[in-house]
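Trainee: return a 3D structure for these sequence lines:
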Amino acid sequence: MMGVKNIDNTKELENIFSEDINGRTPNDTFEKKCRFVKSIYMAQGLELEIFSIAIRPYNSREKEFLNFQKLLDKIGQDKDKAYRQFITDFRNLFGGKFTSDSKKTKSITSPKEGNNKFSSQSNTIDCDILGGDIGSSQTIYNQDNADEPVGEITEEQIASLPFYLKLWTPYDHNSGILMVQSYTGHTVTALVKMKLKELFKKYGYTLIITPFIPEIVKKEYLKNSKVYELAIINNKISRGKRELLNPIFAEFDKLKIEIRITGFKKDVNNFWDIFKKKKNKKNKLIGANLDDLDIDENNGCEIKAYYKDKQGHRANVNMRDLTKVSPTIFLPDEMKEENNHFNFEEIKKYTDGMLEQIKDEINYNR
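Mentor: This is a model prediction of the structure:
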């Protein structure tokens, strides 16, 4: 297998397809020849991941987070210069090439001609990057002809997609926001986080990134969802109970047992109230005798609920903390362009509104 190399020029892929695999120059344009690859993503929806971000001095043992003023003052003489320099420094991390993950399965870059906008007044950066899967060759066809391949993407090349990023680094606050757009089943978020941490390290700071789901997103999802499955999970089973289950399991101290309850649907908003109120005669949530499986409310077993909304979007939550439900954020189809990529201005407008709601939630505007 050939090793994976970063593409030195983001225009290189177009040149590669100037000839097809048989050496002929087909009449199809580059866009048409890439149609097969694009079709892999065309049915996918646009999604958004949100993270809270914070900084502290690199290698410091201090637990307190710093206001982003420390970062911006270090980068530039004023906020305008700081944000311009940040964008330049981020792009320079790539040196005009694609950067891959450690497993050589994904790659991203910050294109020279990409969208890079900032607002020192709102402390935001909005930009796009290119990224995609690497590490395996793909044969390209026109959709109306499955018999004649028109090209090939090798293990050293990448069929890239645009991805959107938003950063909010409030000058007078120690908690910011990172938003990363993705496609259903296709994400480069891990690489984005890796490169941002690398950049913040160059500035002398550790970047802490934590998943964040706005309350308004949770409430909207729960309002339109039903509980359709419950799981009782025990991963602390005594040797005696493992042997009772079957002697073959006795030696496996990491054995886990799950009991799934299905065949019902109940609105999320009242499911837990009813579930908790309707206890059995022993005043327990789990009334069945599951002692042979070491399953008991007092021995630390987990109870998980699985949700599904009207569009079939799924999420799950642990009964120990019902507030920690994390539904996927799906972006409206109106943000898609004809090629099913996002419209930069539309997604910027949408995330601006989302950011204002987050500010209200964390009492930043008060």
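Trainee: following element in sequence after the helix or strand hosting residue 270, please.
Mentor: Residue 270 belongs to helix 268-277 when elements are defined using DSSP states H and E. Using DSSP H and E, the helix or strand that follows helix 268-277 in sequence is strand 302-309.
Trainee: ok, residues contacting that following strand?
Mentor: 221-222, 224-234, 268, 271-272, 285-286, 314-320, 325, 327 (Cβ atoms under 8 Å, 6 or more residues apart in numbering). Where you see a C-beta, it was placed from the backbone N, CA and C, and this is true even at glycine.
Trainee: in the lengthiest helix in the chain, what counts as buried?
Mentor: Longest helix in the chain, counting residues (DSSP state H): helix 344-361. Counting neighbours by 16 or more other Cβ atoms under 10 Å, one finds that the buried residues in helix 344-361 are 344, 347-348, 350-351, 354-355, 358-359.
Trainee: with distance to residue 134 and pLDDT added, can I get these in JSON lines?
Mentor: Below are these laid out as JSON lines (distance: Cβ to Cβ, whole Å; pLDDT from 0 to 100):
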{"residue": "344", "distance to residue 134": "25", "pLDDT": "97"}
{"residue": "347", "distance to residue 134": "25", "pLDDT": "97"}
{"residue": "348", "distance to residue 134": "28", "pLDDT": "97"}
{"residue": "350", "distance to residue 134": "30", "pLDDT": "96"}
{"residue": "351", "distance to residue 134": "28", "pLDDT": "97"}
{"residue": "354", "distance to residue 134": "31", "pLDDT": "96"}
{"residue": "355", "distance to residue 134": "32", "pLDDT": "97"}
{"residue": "358", "distance to residue 134": "33", "pLDDT": "96"}
{"residue": "359", "distance to residue 134": "38", "pLDDT": "96"}
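Trainee: tell me what the longest strand along the chain is packed against?
Mentor: Counting by DSSP state E, the longest strand found in the chain is strand 46-57. With contacts defined as 3 or more Cβ pairs under 8 Å, 6 or more residues apart in numbering; DSSP states H and E, strand 46-57 has these neighbours: strand 176-183, helix 189-202, strand 205-211, strand 329-330, helix 344-361.
Trainee: over to the closest residue to residue 68 other than its chain neighbours: give its phi and psi.
Mentor: Nearest non-adjacent residue to residue 68, counting by Cβ to Cβ, 6 or more residues apart in numbering: residue 169, 4.1 Å away. Phi and psi for residue 169, reported as degrees, to the nearest 10, are phi -120, psi 80.
Trainee: against residue 131, how distant is residue 169?
Mentor: Going from residue 169 to residue 131 by Cβ to Cβ, to the nearest Å gives 22 Å.
Trainee: stretch 56-76: end-to-end distance?
Mentor: Taking Cα to Cα, to the nearest Å, stretch 56-76 runs 18 Å from one end to the other.
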